[in-house]
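A.B. asks: sequence and predicted structure are below.
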Amino acid sequence: MSLAVVPSHEYGEFADAIRKCHPHSSRIEAMLRGHLKYEYFGLIDAKLYAPILPEHRHHMAVITPTSSNEKVKSVSLFWDEELLSDDVVFQLLSSLPMDGWIHPIMIRHLPTLLLPKMDAMMLKLSGGQMRLFASTHLVNLILTPEDTPPVPELPKGYHFGRLDATFGQELWHKQKAAFEESEQNFSKQLEILPSVAIFYDGDSTTCTESTDEKNLFPKNSENSAGERARELVSYIAYKFCSDSGMTHTEDCHRRKGLARAATLKLVHQLHSDGIPALVGLKRDDDLSWKMDARLRLGFKPHAEFAIPIYFPSSFDFKTMSHYFQFEKRFALEIERFKQNSQLDHSKMSLAEVPSDQFETFAAGLVEFLPHSYQIEAMLHGHLKYNYFSIFDVKLYAPINTVHRHHMAVLTPAGTAMDAIMLRLTEGRSHLLMPIPIITMTLAPEDVSPVPQLPEGYYFGDLAASCSEEILSRWVGASTENVEVYSKLLVTLPSVAIYYRGEPNSSATDNNELCELSAIKGHERGELASYSIYKHSADSGITFTKESHRRKGLARAVTLQLAERLRQDGIRSYVVTDDDNELSIDMHSKIGFKRYTEAAIPFYIPEGFDFTSIPNFFTHEDYRDIIKQWEESFTPKSA
């Protein structure tokens, strides 16, 4: 159970084989194909490692090193988490020549879903000495040959060329990632790897008068023959890590299509060389997503990766080569890491936060949005509607002031969750299912006017008597208690639309006729549509009965609830399954925007009797999942 070096003559076959693990393996495959064309692994003696066992051979791969900074070990890797258990991956990583894993390590191209596993793995590999220092989250974009536009013509005075080693020093000093590479190796990469430069032969006095900080190396203004020298004004380069980056255009030469032209020129060259055209864009950089020209060129999201950096807990950052470039990029992270290294570990525990501190605690969570949004939103919801006491919700946070707002726990999160307490189970609990979800949000300033209802329909609130009907339709009702939920229903905001026209023939169940509590003068109406602000701080239960659909009722109740929340100073969120295209489309059309992605995992002890908890996982959506889960612990006959 170990990794071994893969001979370079097998790289082509190996790259073909790991395509079955896309998108996790896409970056490793691209690096291999890049080396096969440009032969650049030798610059830093990079090697490919793979499992020795044939059945595991193409389900994990490691390339190391991936940068020339010897003070920071660099690794690119992926593994198939469905085939390889955590124990197997740990054994395989342990076989790498990494000097005990106790030194700065940067991991490139780690599939985002594997980051929590990698954090735990790193702690174990280093004997508890390594800590996560920082993590950059990227969306991998790809531009396929069939989607690639032609290269546009350059304006007069501009012409294409390429970068070479003579530009190495200037470019190296300007790159945010300069700490990863030595200047010498960076210059060699410019000689070997493809790049596109755009030079200007016209009058550049406007640029040359700018400061050295902004002006990018205009060469000697005249050469020996008295002719005007070329000025580098825009460029892009293919990098060792298999993406096209370092894109830059001088300020005074922008808005002329140079970045677009340089990018497409390089993409066409890569495609002609059989290399995929990839770029990485920061996932949480909203401005980049709105402005990034590569999205307008046809690049599409392909996969999500993380770049975590780990350091020993007592590491002295000033011992690093290129420390000043590193400090410029990670000043805040360095200060936090130093503080964490000096913590009193006897105070490593959570304690209940008093309710009179909820408002200031919520303000402290803003820095960590979007990760902290739900805790922050629930606290604001409680401060407005005072509902935590209905099912004894408590907030817990770290005692140590350094970590005070870096973690928060609200529990219980459901009114029937006392049956499955959160605890460390020492291997006795197993993942039943992770439910991938998308959170969307509607900013207060984006709330549209509430449309007028069709004749015979009226807005109102939901009454406690509607609880049973609502829970019978809601897939998440397995975590709720009907009696307690009834109290929440009349405490938290909700919007209902009732119908008081001709009786609906489908309304035969007494549960379908709820008391019209908010509209005086009407004794009873048929509940046709509703939207509810949940105790989890989202408006996640929106439903319209089939006989009342296609009348705009869902849009109306959603906007009416959003307007009510806006007036109460509460931001609107909605949580939906990531494959619920109908819900995502409906909310998008009324102004909701994607905010973050997450998962709701359920962990169940082996041998658990699902019938022991009333209404728990009785919904038909869970039946096949429960059956598969139970069968996974049933010994199979030989």
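C.D. replies: Nice, thanks for sending it over.
A.B. asks: going forward, measure contacts and count neighbours with C-alpha atoms only.
C.D. replies: Will do.
A.B. asks: what residues of stretch 445-460 count as buried?
C.D. replies: 447, 457, 458, 459, 460 (16 or more other C-alpha atoms under 10 Å).
A.B. asks: for the last one, give the beta-bridge partners.
C.D. replies: Under the criterion DSSP bridges, residue 460 forms beta bridges with residue 496.
A.B. asks: that one against residue 497, yeah?
C.D. replies: Yes: here residue 460 reaches residue 497: they are 6.0 Å apart, a contact under C-alpha atoms under 8 Å.
A.B. asks: ok, back up a step: grab the two from the buried residues of stretch 445-460 that are most spread out in space.
C.D. replies: The most widely separated members of these are 447 and 457, with 21.9 Å between them, by C-alpha to C-alpha.
A.B. asks: which residues touch residue 267?
C.D. replies: Residues in contact with residue 267, defined by C-alpha atoms under 8 Å, 6 or more residues apart in numbering, are 143, 148, 277.
A.B. asks: the same query, at a cut-off of 10 Å, please.
C.D. replies: By C-alpha atoms under 10 Å, 6 or more residues apart in numbering, residue 267 lies in contact with 143-145, 148-149, 151, 195-196, 238, 244, 261, 273, 275-278.
A.B. asks: also residue 138?
C.D. replies: 109-112, 279-285, 303-307.
A.B. asks: which secondary structure element of the protein has the lowest mean pLDDT?
C.D. replies: When the helices and strands of the chain are compared on mean pLDDT, DSSP states H and E, helix 205-208 comes out lowest with a mean of 51.
A.B. asks: the following helix or strand past that helix: which residues count as buried?
C.D. replies: Counting by DSSP states H and E, the next helix or strand C-terminal to helix 205-208 is strand 231-238. Buried residues in strand 231-238, counted by 16+ other C-alpha under 10 Å: 231, 232, 233, 234, 235, 236, 237, 238.
A.B. asks: show residues contacting stretch 573-584.
C.D. replies: Stretch 573-584 is contacted by residues 373-374, 377, 435-443, 533-534, 536-542, 558, 562, 587-588, 592-599 when judged by C-alpha under 10 Å, 6+ apart.
A.B. asks: show the buried residues in the residues you listed.
C.D. replies: Taking 16+ other C-alpha under 10 Å as the criterion, what is buried in the contacts of stretch 573-584 is 373-374, 377, 437-442, 533-534, 536-542, 558, 562, 587, 592-597.
A.B. asks: just those: which are in helices?
C.D. replies: Taking DSSP state H as the definition of helices, the buried ones among the contacts of stretch 573-584 contribute 373, 374, 377, 558, 562, 587.
A.B. asks: need the max-distance pair from the buried residues of strand 231-238.
C.D. replies: Farthest pair in these (C-alpha to C-alpha) is 231 and 238. Separation: 20.9 Å.
A.B. asks: what sits against the closest residue to residue 242 other than its chain neighbours?
C.D. replies: Take residue 242 and drop its neighbours on the chain: the residue closest to it by C-alpha to C-alpha, 6 or more residues apart in numbering is residue 31, 5.1 Å away. Residues in contact with residue 31, defined by C-alpha under 10 Å, 6+ apart, are 15, 37, 40-41, 63, 66, 76, 239-243, 275-276.
A.B. asks: shouldn't residue 31 be within a strand?
C.D. replies: No: using DSSP: H, G, I helix; E, B strand; the rest coil, the assignment for residue 31 is helix, not a strand.
A.B. asks: any chance of a markdown table for the buried residues of strand 231-238, columns distance to residue 578?
C.D. replies: Below are the buried residues of strand 231-238 laid out as a markdown table (distance: C-alpha to C-alpha, whole Å):
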| residue | distance to residue 578 |
| --- | --- |
| 231 | 49 |
| 232 | 45 |
| 233 | 43 |
| 234 | 40 |
| 235 | 38 |
| 236 | 35 |
| 237 | 35 |
| 238 | 34 |
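A.B. asks: now, of the contacts of residue 31, which are buried?
C.D. replies: By 16+ other C-alpha under 10 Å, the contacts of residue 31 give 15, 40-41, 63, 66, 76, 239-243, 275-276 as buried.
A.B. asks: I'd like to know how far the nearest residue to residue 64 once chain neighbours are set aside sits from residue 87.
C.D. replies: Using C-alpha to C-alpha, 6+ apart and skipping the chain neighbours, the partner closest in space to residue 64 is residue 75 (4.7 Å). To residue 87, residue 75 is 20 Å away according to C-alpha to C-alpha, to the nearest Å.
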